[in-house]
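Undergrad: heads up, no residue letters with this:
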């Protein structure tokens, strides 16, 4: 059984690597000699053709005195997300098949590392994060007060109505804080500002296909990087339904990632 599991994992790793390599080759052909600049807004999008254009229209051109370059990792899918991203004139790293949110973000991180970006701000493609808050998220990095800034809907405003998810935010933040001796209020928020130096150290250790926020947070804390929070506004998904599954399944999988990451990094 163990050998079969190892074989399946190896096959999956090889497939992921091959798909990312194909996407990088396509990116290099589409944008020869590209330079992304110091600050990149990174969005991973899977079948978000109803939402992505509005998100991109709201992206700031500048934050904290620096130009902001938008990069969208299109995580496969059968809709028009990739086409819309290209039409909007932002950079697109396009997977030919769906690999998962965590894989898509890691591919974006590694591309930014290779192109010598200094700061990355990640946000969702579904309209739940407000792009105009990017300067707020980025400022602690620019001021060298933090290496990793997490958006907090508990310190800010949560306009959603799912009480189970809200309770989950409180519960899992408490678990992560207990395991890492930290004092975070929102450990499942995809709105983050990240220093590339931190990502160079942390990303090679990350393996999650989905639910990768807690993995990134726990690994960064255990590796000694400075992490802080900023209040943000959390909006209901603009269109469509979540790709994370029902609340119970999401909670189970999230808990699994939390404890597996803590055990690995303890």
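TA: That came through, no problem. These numbers were taken from a predicted model, which means no experiment stands behind them.

Undergrad: For the stretch 1-150 of the chain, which segments are assigned as strands?
TA: For the stretch 1-150 of the chain, the strands defined by DSSP state E, counting those that start in this stretch occupy 39-45, 62-63, 66-75, 91-95, 119-122, 148-158.

Undergrad: To residue 203, which of these lies closest?
TA: Among these, the nearest to residue 203 by C-beta to C-beta is strand 119-122 (10.7 Å). For glycine as for every other residue, the C-beta is placed from the backbone atoms N, C-alpha and C.

Undergrad: now for the closest one, which elements pack on it?
TA: In terms of contacts (3 or more C-beta pairs under 8 Å, 6 or more residues apart in numbering; DSSP states H and E), strand 119-122 is packed against strand 39-45, helix 101-114, helix 134-142, strand 192-195, helix 196-202.

Undergrad: Show me the shaky parts of the stretch 1-150 of the chain.
TA: 1-5 (pLDDT under 70).

Undergrad: and with 80 instead?
TA: Applying pLDDT under 80 to the stretch 1-150 of the chain flags the ranges 1-6.

Undergrad: Including mean neighbour count, could the strands of the stretch 1-150 of the chain go into JSON lines?
TA: Shown next, in JSON lines, are the strands of the stretch 1-150 of the chain (neighbours: other C-beta atoms under 10 Å):
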{"stretch": "strand 39-45", "mean neighbour count": "26"}
{"stretch": "strand 62-63", "mean neighbour count": "18"}
{"stretch": "strand 66-75", "mean neighbour count": "23"}
{"stretch": "strand 91-95", "mean neighbour count": "23"}
{"stretch": "strand 119-122", "mean neighbour count": "25"}
{"stretch": "strand 148-158", "mean neighbour count": "21"}
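
Undergrad: Please tabulate those strands in a markdown table, including the columns distance to residue 236.
TA: Shown next, in a markdown table, are the strands of the stretch 1-150 of the chain (distance: least, C-beta to C-beta, whole Å):
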| stretch | distance to residue 236 |
| --- | --- |
| strand 39-45 | 18 |
| strand 62-63 | 25 |
| strand 66-75 | 21 |
| strand 91-95 | 26 |
| strand 119-122 | 20 |
| strand 148-158 | 10 |
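
Undergrad: follow-up on the earlier one: so can I have CSV of the helices and strands packed on strand 119-122 showing distance to residue 180?
TA: Formatted as CSV, the helices and strands packed on strand 119-122 follow (distance: least, C-beta to C-beta, whole Å):
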stretch, distance to residue 180
strand 39-45, 24
helix 101-114, 19
helix 134-142, 19
strand 192-195, 16
helix 196-202, 14
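
Undergrad: Ok, which of these comes nearest residue 230?
TA: helix 134-142 (5.4 Å).

Undergrad: just how off-centre is the closest one within its chain?
TA: 16 Å (C-alpha atoms, centre = their mean, to the nearest Å).
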